[in-house]
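>>> here's my sequence, what's the structure:
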Amino acid sequence: MKRILSTLIAFLMTLSTLLGSSSTSFADNDIPSISAQYAVLMDYETGEILYDKNGSQKLYPASTTKAWTAYLVLKNVPDLNKKVEIKNIPPVEGSSMYLKDGESFTVKELLEGFLVHSCNDIAVVLAQYVSGSVEKFVDLMNKEAQAIGAKNTHFNNPHGLPDENHYSTAYDMALMARVAMNNNIFREIVKMKSVSFKATQAYPYERYFVNTNKFLNSNEKINYKGKQIDIKYDIVDGIKTGYTDDAGRCLLSSGVKDNMRLIATVFKTKGNDLYLDSRTLLDYGFDNFYSTTIVNKDNYIGTKKVMFTKQNEFVYEPKYSYKVVLPKGTKENDYTTKVNLNKVKLPIKKGDKVGTLEVFKGKELKNTIELVATSNLNSIFSFITENQVVINGIKIVAIALVSLITVTIVLVIIRKKKRRKSNKNIYSKKRNIYKKKRKRR
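Residues are numbered from 1 along each chain as shown. Predicted coordinates for the structure are as follows:
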């Protein structure tokens, strides 16, 4: 009996150990703990939020502001090779390129110095170049931020220096980072490890700047999951740092792995905890979620037979692909689609909207995508129905026929009235004759 009890106790202890180790492995999937006061992790393609810590609370964005400033310069300046002459630049606090009156740089060169070295003097130059004044450019910043859904943001300058009326949220900054990273030139610049400028007559020294983002170039170490590892992280390709006393350490990060891009925004932390927190969030996203395509624009083809057309049918496709982010270990089986085609009105041109594709998760409508024609669709009577000369000719003939019929009807009516009047007169004369004959009798 004692032997049986000992065996049973040993078995229970072993089972307890196994259960304990199992729960430890699942702990890796728990929501991460970070020191930053505000943070958001967003999937770049879908905009879905995978992590949120005080993401909608007001904060000071410091120089992460420059990401939005740079994007708006790219959006509003068609020729980046245009030279900008430096003149009458006012003094600006903080990091600087030390621009001098009389120097000239292309817009792209200024953007490189601006984003790599975080130069506040360049912010003023670019704002004035785009809008004519810093004030007007700030109005543009706020207008464009509102347009993309950054509703809790108000900028008061283009560089992020301290200002009570210059604020945002971790979520809004993720939105703006996502939009900015959609610009290819912006992407190229924010991943540059360094930038240099040759000496000029006004500034006779070479300017050489290393990117302020340590994810791109630092040899420093951080303690990550119990190990000393490099801050430099190869999956990170931008985007912008920031710091003031009030804002603390701030960072917008973009990381790419397994055909998935994530945007991490981390605000108000200290020292290199900025990179520890940002890496923690990026790894959490890549380790626990995956991106999958529910509707692939390139592979989705629909057709519809249409009688009395030259092509006999028209082909349509979704206007864009639709992706979702799912926890690893789950599948996209819950998603279904429903096609709603419009009533066919000929002619149909390539790119015309011909219906919608509804995407459902279970019974919940998740998205509605326009369906567009991939080619033209013409009636077999198109020579008549689509030839403007013929159509105009038909209209003229129709108008002429209607006019002729109208005139004919009017003439017939007039003729009938005349006949009636004539008949009435004849009848009246006969009646008078008859009356006279009766009187004679």
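>>> phi first, then psi, for residue 403.
In this entry, residue 403 is assigned phi and psi values of phi -60, psi -40 (degrees, to the nearest 10).
>>> tell me the predicted confidence for it.
At residue 403, the predicted lDDT confidence score is 82.
>>> likewise for residue 314?
Predicted confidence (pLDDT) at residue 314: the value is 84.
>>> which ones are touching it?
Taking Cβ atoms under 8 Å, 6 or more residues apart in numbering as the criterion, residue 314 is in contact with 303-304, 306, 344, 348, 354, 373, 375, 377. Glycine gets a C-beta too; all of them are placed from N, C-alpha and C.
>>> 10 Å instead, please
The neighbourhood of residue 314, defined by Cβ atoms under 10 Å, 6 or more residues apart in numbering, consists of 302-306, 341, 344, 346, 348, 350, 352, 354, 373-378.
>>> equivalent analysis for residue 210, please.
Contacts for residue 210 were tallied using Cβ under 10 Å, 6+ apart; they are 116-117, 192-195, 216-218.
>>> dump the residues you listed into CSV; add secondary structure and neighbour count as well.
As requested, these are exported to CSV (DSSP: H, G, I helix; E, B strand; the rest coil; neighbours: other Cβ atoms under 10 Å):
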residue, secondary structure, neighbour count
116, helix, 23
117, helix, 20
192, coil, 17
193, coil, 11
194, strand, 13
195, strand, 20
216, helix, 21
217, helix, 14
218, coil, 17
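>>> in these, find the pair that's most separated.
When these are compared pair by pair using Cβ to Cβ, the two farthest from each other are 195 and 218, 16.6 Å apart.
>>> sorry, back to before: among the contacts of residue 210, which one sits closest to residue 286?
Within the set of these, residue 216 lies nearest residue 286; the separation is 18.2 Å, counting by Cβ to Cβ.
>>> wait, that closest one touches residue 234, no?
Yes: checked against Cβ atoms under 10 Å, the pair residue 216 and residue 234 is within contact range at 9.5 Å.
>>> what is the neighbour count of the residue nearest to residue 156 when sequence neighbours are not counted?
Here the nearest residue to residue 156 in space, its sequence neighbours aside, is residue 166; by Cβ to Cβ, 6 or more residues apart in numbering that works out to 4.0 Å. Neighbour count of residue 166, defined by other Cβ atoms under 10 Å: 21.
>>> pretty sure residue 166 sits against residue 242.
No: at 11.7 Å, residue 166 does not count as touching residue 242 under the criterion of Cβ under 10 Å.
>>> which neighbours do those two have in common?
Counting by Cβ under 10 Å, 6+ apart, the residues touching both residue 166 and residue 242 are 60-62, 65, 159-160.
>>> so which of those residues belong to helices?
Counting by DSSP state H, those place residue 65 in helices.
>>> could you pull out the helices for the stretch 101-250 of the chain?
Across the stretch 101-250 of the chain, reading from the start of the chain, the helices by DSSP state H, counting those that start in this stretch fall at 107-117, 120-131, 134-147, 170-180, 184-190, 214-217.
>>> can you show me the helices along the stretch 251-400 of the chain?
273-288, 382-385, 388-440.
>>> by mean pLDDT, show me the worst of these.
Mean pLDDT is lowest for helix 382-385 out of those, coming in at a mean of 53.
>>> how confident was the prediction at residue 16?
Among the per-residue scores, residue 16 shows a pLDDT of 36.
>>> winner for burial among the helices of the stretch 101-250 of the chain?
Most buried of the helices of the stretch 101-250 of the chain by mean neighbour count (mean count of other Cβ atoms under 10 Å) is helix 170-180; its value is a mean of 26.
>>> residues near residue 53, how many?
Other residues near residue 53 number 20, with proximity taken as other Cβ under 10 Å.
>>> quick one: residues contacting it.
Residue 53 neighbours (Cβ under 10 Å, 6+ apart): 31-34, 36-41, 170, 266-267, 277, 281.
>>> quick one, phi psi at residue 211?
For residue 211, the backbone dihedrals (degrees, to the nearest 10) come out as phi -60, psi 130.
>>> quick one, what contacts the closest residue in space to it that isn't next to it in sequence?
Beyond its immediate neighbours in the sequence, the residue positioned closest to residue 211 (Cβ to Cβ, 6+ apart) is residue 116, lying 4.9 Å away. Listed by Cβ under 10 Å, 6+ apart, the contact partners of residue 116 are 189-196, 209-213, 216, 240.
>>> what's the local residue count around residue 54?
17.
>>> any idea of the pLDDT on the residue nearest to it when sequence neighbours are not counted?
Counting by Cβ to Cβ, 6+ apart, residue 54 lies nearest to residue 38, which is 4.6 Å off, once chain neighbours are set aside. pLDDT for residue 38: 98.
>>> all set, thanks.
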